[in-house]
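K.L.:
The sequence and its predicted three-dimensional model are supplied below.
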Amino acid sequence: MIIGKKMADALNEQIREELFSSYLYFAMAADFESKDWPGVASWMKVQAQEEMAHSLKFYNWINERGGKAVFKAIDKPQETWESSLNLFEAALAHEQHITSCIYDLVKVAREEGDIATEIFLQWFVTEQVEEEANASEIVEKIKKVQNSQNGMYMLDKELSARSIAPVASSAE
Ligand SMILES: [Fe+2]
Ligand SMILES: [Fe+2]
């Protein structure tokens, strides 16, 4: 069954949200790269690439269903954050926003009776639980060590260990 216009429009809007997420995390990486927090910057660059992979999943799904991906204007992200705590709190708030976008998409899929898209979106529902948990775990860690130079150094080193997940090549 070819994808309906309302569903395709909503998914195209999510391509923009995911690309903005990527843009935002790249901006976060750049800010902390310039402030000599290489681990934070590296973590954010991995995050940015994951968001790119998310946009590709939506792109592939729209295509597979006979629709066409549409690329909308992406807002300019904030350029600077005052502390790493501030940075990861902003990342957490952004992920909470994305979770609500995904829930809205599920609602559209249900209204439209698009069962296939509803099932496709389940991956994102689960992914968002993980995304929020990851950001919030780092926020809590920073709160514990932020007054210790050594603690922050160790945390930065820990964050640098995150590696790039393979880019999704299909709608899977
Ligand atoms: Fe995402
Ligand atoms: Fe995300």
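P.N.:
Looks like it arrived, so ask away. Numbers count the residues shown, from 1 in each chain. Ligands and ions are numbered 1, 2, ... in the order given.

K.L.:
which residues touch the most centrally placed residue in the chain?
P.N.:
In the chain, the residue lying closest to the centroid (C-alpha atoms, centre = their mean) is E51, at 4.5 Å. E51 makes contact with E18, L19, S21, S22, Y25, according to C-beta atoms under 8 Å, 6 or more residues apart in numbering. No exception for glycine: its C-beta is placed from N, CA and C like everyone else's.

K.L.:
Kindly list the main-chain dihedrals of the residue lying closest to S83 once chain neighbours are set aside?
P.N.:
Ranked by C-beta to C-beta, 6 or more residues apart in numbering and with sequence neighbours excluded, the top spatial neighbour of S83 is Q146, at 7.6 Å. Here is the backbone geometry of Q146 (degrees, to the nearest 10): phi -60, psi -20.

K.L.:
So what's the residue count around Q146?
P.N.:
14 (other C-beta atoms under 10 Å).

K.L.:
just M7 next, same as before
P.N.:
M7: 22 neighbours (other C-beta under 10 Å).

K.L.:
What strand or helix carries it?
P.N.:
Assigned by DSSP states H and E, M7 belongs to helix 5-34.

K.L.:
what do you get for I102?
P.N.:
Per DSSP H and E: helix 84-112 holds I102.

K.L.:
mind listing what whichever residue of the chain sits closest to ligand 1 touches?
P.N.:
Residue of the chain nearest ligand 1, by C-beta to the ion: H54 (3.7 Å). Residues near H54 by C-beta under 8 Å, 6+ apart: E18, S21, F124, E127.

K.L.:
who wins for neighbours among those residues?
P.N.:
S21 (26 neighbours).

K.L.:
Pull up the gap between that residue and K144, please.
P.N.:
Distance, S21 to K144, using C-beta to C-beta, to the nearest Å: 27 Å.

K.L.:
quick revisit: next secondary structure after the helix holding I102?
P.N.:
Assigned by DSSP H and E, the successor of helix 84-112 is helix 115-145.
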